[in-house]
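Novice: build me a structure from this.
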Amino acid sequence: FGVFEECDLPPGKQALPSRFMLERKRCGRYKARLVAGGHKQQQGLDFNETFAPVCSYRTLRMILAVSAHEDLELRQFDIRTAFLNGELQEEVYIRQPAGVPLGSPGKVLRLRRALYGLRQASRAWNTRLEAALREKGLTQSDCDPSLWILRGASGAVLTMFYVDDGLVAARTAAEADALVALVGSMFEIRALGEPTDFLGISIVRDREARTITIHQHDKARALAEDAGVAGKQRDVPMSPETYAALRAAKTGERMATDPDAYRARVGSLLHISGCTRPDLQVSVGALASHVQSPSAAHEAALARLIEYVGCTAGRGITYGSSEAPMDIWCDASFASCLDTRRSTTGWVVVMYGGAISWSSKKQPTVAASTMEAEYQACGSVAREGDSLMKALDVLGTLSEDFPLIGPLIVLCDNKAALGLCQDRKEGQRTKHIDIIHHFARERVASGHLKFVYCKSEDNVSDCLTKALRYPALLECLVRMGMMHD
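Specialist: Okay, the predicted model is just below:
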């Protein structure tokens, strides 16, 4: 690949350490990879910019939802030694790895291409990838910089990239295979056929029922086994009593026995909850707020949450079980954080019966009333709505159902907040609300969004604002496509 050439180290330059990393893959294959010590790099000397985009999980879920409903063809591939295709713009040198001479004694290696471990490696690879895709006639989408469009005879062909992993969606198998072959003409790839595991997410497709289900069974089971709670049963992620009692540790309170393990397990749960398990968002968020100094109570709550994850490891999201193109709910839990008294915003977007986007976060400012907390939630989901409209325009090239005609409908269970969104019903209790939270009102006025009232018991996003008991949680799971009646 012409990755490096040996030379003498020029004055004023440093040679980074290097070593071979040895790994055994999940398939049993052994792999050795030469890695540079990017932790020793200095900005301005060895690198400048480092940012490189990857496709969002929301984009992946939207493509799967439309593919299930429209019975589209899907293909998966990965690019071999992807980073080695990126050309370096900076002068970077590495020392030869100990015990494995790659050149003459006393010489260093100047890198011409992006070696693994460099701070700018992913950026160099992405720059090379984008240039190659544009040269072949693909167009970068407005909604996601890692989603690319190629116009085909039967409509658009979409391909998304996550570093070296790619996924293709097309109307016909011939067009999907042709795009994989096109990428193969630019880089060395492995064509993997229909996707079954993408980015650690299992994809199960039923062509006859026209459904696609995603889950992370293996990761959930491994987490439960690592924590020593595999086989234990829980019906909810966290009880309302436990959720209400979680507060910052006080002086003299007994702390967690293993804070590092606590942080690692919360990090794993954050990934699972962001990919396939919106039912974990509230509980994981509450535990993540205390990763700096977890108490024994937080550790116990984490153990119970992992028990729930382990006994529901196969739970995921199913797309294609409903004909409804899109449903959106938003909600807020007033002053739910006992430490800061900030409220929690929750919203969820469901497409063709399965959740594609969700959020559960503390609000940036303290709300003075339930109405104000709900109004802030409306502003949050309005920003997501703007992004969704861009994505729907792109999906409109694949599906006859998109883009949707008219504004996106958002269901909210607070009439006072709806009144503030739709009309300027301001008074002594609302005049202090910051301008940033008036975003929802602006989007309603422009015709992009429409807020509609729904009963609290019908609000699916309720499980994203607070811990629920099993009957209420079950109703939310069913309507998010995570369980069936």
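
Novice: which residues sit against stretch 244-254?
Specialist: Contacts to stretch 244-254, defined as Cβ atoms under 8 Å, 6 or more residues apart in numbering, come from residues 255, 286-287, 289-290, 293-298, 301, 338-339, 467. Where C-beta positions appear, they are placed from N, C-alpha and C, glycine not excepted.

Novice: which of these are buried, as a ChimeraX select command?
Specialist: ChimeraX command restricting the contacts of stretch 244-254 to the buried ones, with burial defined by 16 or more other Cβ atoms under 10 Å:
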select :286,287,289,290,294,295,297,298,301,467
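
Novice: my read is residue 157 is in a strand, agree?
Specialist: Yes: counting by DSSP: H, G, I helix; E, B strand; the rest coil, residue 157 falls inside a strand.

Novice: which ones among the contacts of stretch 244-254 lie within helices?
Specialist: Within the contacts of stretch 244-254, residues falling in helices by DSSP state H are 286, 287, 296, 297, 298, 301.

Novice: against residue 249, how distant is the fourth one?
Specialist: Applying Cβ to Cβ, to the nearest Å, one obtains 8 Å for the distance of residue 297 from residue 249.

Novice: and if you look at the second one?
Specialist: Using Cβ to Cβ, residue 287 is found at 13 Å from residue 249.

Novice: got any residues that touch both of the two?
Specialist: 294, 298.

Novice: re earlier: will you turn the ones in helices among the contacts of stretch 244-254 into JSON lines that also has pLDDT?
Specialist: Output for the ones in helices among the contacts of stretch 244-254, formatted as JSON lines (pLDDT from 0 to 100):
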{"residue": "286", "pLDDT": "94"}
{"residue": "287", "pLDDT": "95"}
{"residue": "296", "pLDDT": "93"}
{"residue": "297", "pLDDT": "93"}
{"residue": "298", "pLDDT": "94"}
{"residue": "301", "pLDDT": "95"}
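
Novice: and of the residues you listed, the nearest to residue 18?
Specialist: Comparing the ones in helices among the contacts of stretch 244-254 against residue 18 with Cβ to Cβ places residue 287 closest, at 38.5 Å.

Novice: state the distance from the residue lying farthest from the centre of the chain to residue 40.
Specialist: For the chain, the largest distance from the centre (Cα atoms, centre = their mean) belongs to residue 105, which lies 46.2 Å off. In this view, residue 105 and residue 40 are 22 Å apart by Cβ to Cβ.

Novice: hmm, back to that, residue 26: which of the ones in helices among the contacts of stretch 244-254 is nearest?
Specialist: residue 287 (28.1 Å).

Novice: which ones are touching the closest one?
Specialist: Counting by Cβ under 8 Å, 6+ apart, residue 287 makes contact with 246, 266, 269, 294, 298, 301, 302, 305.

Novice: pLDDT score assigned to the fourth one?
Specialist: Okay, so that is residue 294. Predicted confidence (pLDDT) for residue 294: 93.

Novice: which strand or helix spans residue 212?
Specialist: strand 211-215 (DSSP states H and E).

Novice: kindly report the same for residue 31.
Specialist: Counting by DSSP H and E, the element that carries residue 31 is strand 30-36.

Novice: following element in sequence after that strand, please.
Specialist: helix 57-70.

Novice: export only the CA atoms of that next one, formatted as CSV.
Specialist: Extracted in CSV, the C-alpha atoms of helix 57-70 (Å, rounded to 0.1, in the frame of the first residue of the first chain):
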residue,chain,number,x,y,z
TYR,A,57,-27.9,5.0,14.4
ARG,A,58,-31.1,7.0,13.6
THR,A,59,-30.3,6.9,9.9
LEU,A,60,-29.7,3.1,10.2
ARG,A,61,-33.0,2.6,11.9
MET,A,62,-34.9,4.7,9.4
ILE,A,63,-33.5,2.8,6.5
LEU,A,64,-34.4,-0.5,8.1
ALA,A,65,-38.0,0.7,8.9
VAL,A,66,-38.5,1.8,5.3
SER,A,67,-36.9,-1.3,3.9
ALA,A,68,-39.2,-3.5,6.0
HIS,A,69,-42.3,-1.7,4.8
GLU,A,70,-41.3,-1.3,1.2
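
Novice: report the rounded mean pLDDT for that helix.
Specialist: The average pLDDT within helix 57-70 is 95.

Novice: give me the angle between that helix and strand 211-215.
Specialist: Calculated by axes from the mean of the first three to the mean of the last three Cα atoms, to 10 degrees, helix 57-70 forms an angle of 150 degrees with strand 211-215.

Novice: next SSE downstream of helix 57-70?
Specialist: Downstream of helix 57-70, the first helix or strand assigned by DSSP H and E is strand 73-79.

Novice: distance from the chain centre to that following strand, please.
Specialist: In terms of Cα atoms, centre = their mean, to the nearest Å, the centre of strand 73-79 is set 19 Å apart from its chain centre.

Novice: helices and strands around whichever helix or strand comes after that strand, which ones?
Specialist: Using DSSP H and E, the helix or strand that follows strand 73-79 in sequence is strand 87-94. The contact analysis (3 or more Cβ pairs under 8 Å, 6 or more residues apart in numbering; DSSP states H and E) places strand 87-94 against strand 15-16, strand 108-113, helix 121-135.

Novice: mind putting the ones you listed in JSON lines, distance to residue 68 and mean neighbour count included?
Specialist: Output for those, formatted as JSON lines (distance: least, Cβ to Cβ, whole Å; neighbours: other Cβ atoms under 10 Å):
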{"stretch": "strand 15-16", "distance to residue 68": "47", "mean neighbour count": "20"}
{"stretch": "strand 108-113", "distance to residue 68": "40", "mean neighbour count": "21"}
{"stretch": "helix 121-135", "distance to residue 68": "26", "mean neighbour count": "19"}
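
Novice: looking at these, which is closest to residue 331?
Specialist: Among the helices and strands packed on strand 87-94, the nearest to residue 331 by Cβ to Cβ is helix 121-135 (37.0 Å).

Novice: quick one: contacts of the closest one?
Specialist: Helix 121-135 has contacts (Cβ under 8 Å, 6+ apart) with 38, 49-53, 82-83, 85-89, 113-115, 118, 140, 148, 161, 163-164, 186-187.

Novice: stretch 311-321 now?
Specialist: 61, 64-65, 68-69, 202, 209-217, 220-221, 224, 231-234, 276-279, 351-356, 480-484.
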